[in-house]
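Asks: structure of the sequence below:
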Amino acid sequence: MFAVPIAHLVGPGRIKATNGRLAFQELQKPALALDVSRLTMLYCYGDVSISGKAMQLLLHNGVQTAWMTAAGNRCHGRLFRADPSTTLARIRQHRVFADPEARRAWAARLVAGKMDAMSAAARHYQRHGAAAAGQLLAQLAALAGGLNTAASADQVRGLEGAATAAWFAFFAQVLSPPWIFPGRRRQPPTDPVNALLSLGYTFLLTRADARAAASGFETYIGALHEYRPGRPSLACDLIEPLRVPAVDRWVAALLARRELAPADFMRQENGGFLLRPGLFGPILSSWESHWETSRQDQSLQEWIDALAVFLRERDLPDPPGSSDVDL
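Replies: Residues are numbered from 1 along each chain as shown. Below is the predicted model of the structure:
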């Protein structure tokens, strides 16, 4: 039996429950037993079905379950238990983020964190001989200074966009042949490096979305990212300071170790690139290992905790009768 907090199940297969025990059954393979008491998050890729008893067991134990595409590049949806005790936390979030100044302040804090992560990475690569790191550090310092005078969330977004452009120009120089990075291309990713970045960002976004929801927040209402139907804007906010350490540096290290070759990617009809199916499992395992060893889970929780404090400090007094609810 596997006793882990996070499990990844790659289909085709079925999640079932027998005598209160959770298991994943793949076609013509022994069932994989999972300790549901230890699980906090379950990710399913491709054709993964679930029995009614297994669904009840997951809900009873508060295990969030996400269904992803087979390639891991998109989330179809999540199963999670509703928690009425978090209602006031969401009310507080709506009230605070309705204030333009509060949105500006939280957006500026996120972007400052993102620039700090970029600067830390630049200094790391500078120690390893990256000559262009000094120029990037100067650019980031100038942009960070602008955050102090940004008058709106829109101005903060402009500074974030400039910092991201400078970072990716530098990132292209970090990579060695045969890897080429022409700049960030998303929908679809038009080269193997962009395909890896997109995959890593999807892993990160799904993790942040689940953690924010479990903490009682409304994941579709953010500050740096404006509301857009179907987009988890708060989760998009939370991943900004983590993109470089959790994904970009992982991609650079993975390619530097020559764990992949350009032939390991395939071009789709729309011109986008994807990993070949047999490599998805090892790459997912590589990212999880990086997530753990670089302590990104702790970083994500620190940002969620900081958000909770920010909302408490900015909010109006709680409604009458709410003092007995722990936010």
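
Asks: can we go C-alpha only for contacts and neighbour counts from here?
Replies: OK.

Asks: what helix or strand is residue 292 on?
Replies: Assessed by DSSP states H and E, residue 292 sits inside helix 280-293.

Asks: any idea which helix or strand comes after that helix?
Replies: In N-to-C order, the element after helix 280-293 by DSSP H and E is helix 296-314.

Asks: could you give me the buried positions within that following helix?
Replies: Neighbour counts over helix 296-314 (16 or more other Cα atoms under 10 Å) mark 296-297, 300-301, 303-304, 307-308, 310-312 as buried.

Asks: just how off-centre is it within its chain?
Replies: The chain centre lies 15 Å from the centre of helix 296-314; the measure is Cα atoms, centre = their mean, to the nearest Å.

Asks: look up how far residue 33 lies from the residue lying closest to residue 232 once chain neighbours are set aside.
Replies: Closest residue to residue 232 apart from its sequence neighbours, by Cα to Cα, 6 or more residues apart in numbering: residue 220 at 4.2 Å. Per Cα to Cα, to the nearest Å, residue 220 is found 34 Å from residue 33.

Asks: distance check, the one residue sitting closest to the centre of the chain against residue 46.
Replies: By Cα atoms, centre = their mean, the chain has its centre lying nearest to residue 204, at 2.0 Å. Remark: distance between residue 204 and residue 46 (Cα to Cα) = 18 Å.

Asks: report how many residues lie close to residue 245.
Replies: By other Cα atoms under 10 Å, 21 other residues sit near residue 245.

Asks: from what I can see it touches residue 124, true?
Replies: No - counting by Cα atoms under 8 Å, residue 245 stays clear of residue 124, with 11.2 Å between them.

Asks: where in the stretch 1-150 of the chain is pLDDT low?
Replies: 1-4, 73, 82-83, 85 (pLDDT under 70).

Asks: which stretches in it count as helices?
Replies: Under the criterion DSSP state H, counting those that start in this stretch, helices of the stretch 1-150 of the chain are mapped to 52-60, 87-97, 100-127, 133-147.

Asks: mind putting these in TSV, mean neighbour count and distance to residue 25 included?
Replies: As requested, the helices of the stretch 1-150 of the chain are exported to TSV (neighbours: other Cα atoms under 10 Å; distance: least, Cα to Cα, whole Å):
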stretch	mean neighbour count	distance to residue 25
helix 52-60	17	12
helix 87-97	18	37
helix 100-127	20	41
helix 133-147	17	49
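
Asks: nearest to residue 272, out of those?
Replies: helix 100-127 (26.9 Å; Cα to Cα).

Asks: mind splitting the chain into its structural domains?
Replies: 6-81, 86-314 (automatic domain parsing).

Asks: ok now the last one, how far from the chain's centre?
Replies: What it means is domain 86-314. Put simply, domain 86-314 sits 7 Å off its chain's centre (Cα atoms, centre = their mean).

Asks: equivalent analysis for the first one, please.
Replies: Average the C-alpha atoms of domain 6-81, do the same for its chain, and the two points are 20 Å apart (Cα atoms, centre = their mean).

Asks: any idea how far apart the tips of it sit?
Replies: Distance between the two ends of domain 6-81: 17 Å, counting by Cα to Cα.

Asks: ok, stretch 266-283 next?
Replies: Distance between the two ends of stretch 266-283: 15 Å, counting by Cα to Cα.

Asks: ok, and for that stretch, which residues are buried?
Replies: Buried positions in stretch 266-283, judged by neighbour count with 16+ other Cα under 10 Å: 266, 272-275, 280, 283.

Asks: closest one to residue 80 out of those, please.
Replies: residue 280 (25.5 Å).

Asks: now the helices for the stretch 201-327 of the chain?
Replies: 233-239, 243, 249-256, 280-293, 296-314.

Asks: turn the ones you listed into TSV, columns for distance to residue 157 and mean pLDDT.
Replies: Below are these laid out as TSV (distance: least, Cα to Cα, whole Å; pLDDT from 0 to 100):
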stretch	distance to residue 157	mean pLDDT
helix 233-239	11	96
helix 243	16	97
helix 249-256	23	96
helix 280-293	27	90
helix 296-314	18	93
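
Asks: could I get those helices as JSON lines with distance to residue 110?
Replies: What follows is those, written out as JSON lines (distance: least, Cα to Cα, whole Å):
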{"stretch": "helix 233-239", "distance to residue 110": "7"}
{"stretch": "helix 243", "distance to residue 110": "11"}
{"stretch": "helix 249-256", "distance to residue 110": "19"}
{"stretch": "helix 280-293", "distance to residue 110": "20"}
{"stretch": "helix 296-314", "distance to residue 110": "9"}
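
Asks: mind checking which of these is nearest residue 29?
Replies: That would be, of those and by Cα to Cα, helix 280-293, which comes in at 16.6 Å.
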